[in-house]
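K.L.:
this one's structure only:
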């Protein structure tokens with residue numbers, strides 16, 4: 001199961017990151033513990049100058065929280081045969097919100 005949050009204006013990082021984790025925990029609590037569910041989080045942030053600047057300033061925090069390779073996540077979302085990598089991920093969307101791109105957190 002993937003819990004997705006989409007942010008146009010990534011301003012309140014202190015509220016946004018714990019908010020995603022809280023949603024993931026709420027779903028975990030509702031699922032049957034006997035079932036083999038894996039819950040992962042995906043953050044999608046609109047690719048604006050301000051959002052890029054904020055993510056750059058908080059790079060250590062963001063890379064520690066979103067450990068999965070965003071290129072693998074993007075492939076998994078577009079190619080059914082590709083499995084998700086372990087960990088949560090961050091993707092960027094274009095300004096119109098119609099195209100997803102890797103986050104550039106790594107490399």
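P.N.:
Cool, got the structure. Predicted model, so just to flag it, every value in this text is computed and none were measured. Residues are numbered from 1 along each chain as shown.

K.L.:
drop to CA atoms for contacts and neighbour counts, all remaining ones
P.N.:
Noted.

K.L.:
partner strands of the helix or strand encompassing residue 101, parallel or antiparallel?
P.N.:
Using DSSP states H and E, residue 101 sits within strand 100-102. In the sheet containing strand 100-102, its partner strands are strand 89-93 (antiparallel), by DSSP bridges.

K.L.:
avg pLDDT for the partner strand?
P.N.:
Per-region confidence: strand 89-93 scores 94 on mean pLDDT.

K.L.:
coming back round to it: other residues contacting the strand holding residue 101?
P.N.:
70-71, 74, 90-94 (C-alpha atoms under 8 Å, 6 or more residues apart in numbering).

K.L.:
Go ahead and build a ChimeraX selection from the buried members of those.
P.N.:
Entered in ChimeraX, the line below selects the buried ones among those, by 16 or more other C-alpha atoms under 10 Å:
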select :70,71,74,90,91,92,93
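
K.L.:
where are the low-confidence patches of this protein?
P.N.:
Low-confidence segments of the chain, defined by pLDDT under 70: 10-16, 106-107.

K.L.:
which phi and psi does the residue of the chain most remote from its centre have?
P.N.:
In the chain, counting by C-alpha atoms, centre = their mean, residue 34 sits farthest out from the average C-alpha position, at 26.2 Å. Dihedral pair for residue 34: phi -80, psi -20, per degrees, to the nearest 10.

K.L.:
Same check on residue 86?
P.N.:
Torsion angles, degrees, to the nearest 10, at residue 86: phi -70, psi 150.

K.L.:
Counting neighbours, which bits of the longest helix along the chain end up buried?
P.N.:
When the chain is parsed with DSSP state H, its longest helix is helix 13-30. Neighbour counts over helix 13-30 (16+ other C-alpha under 10 Å) mark 17, 20, 24 as buried.
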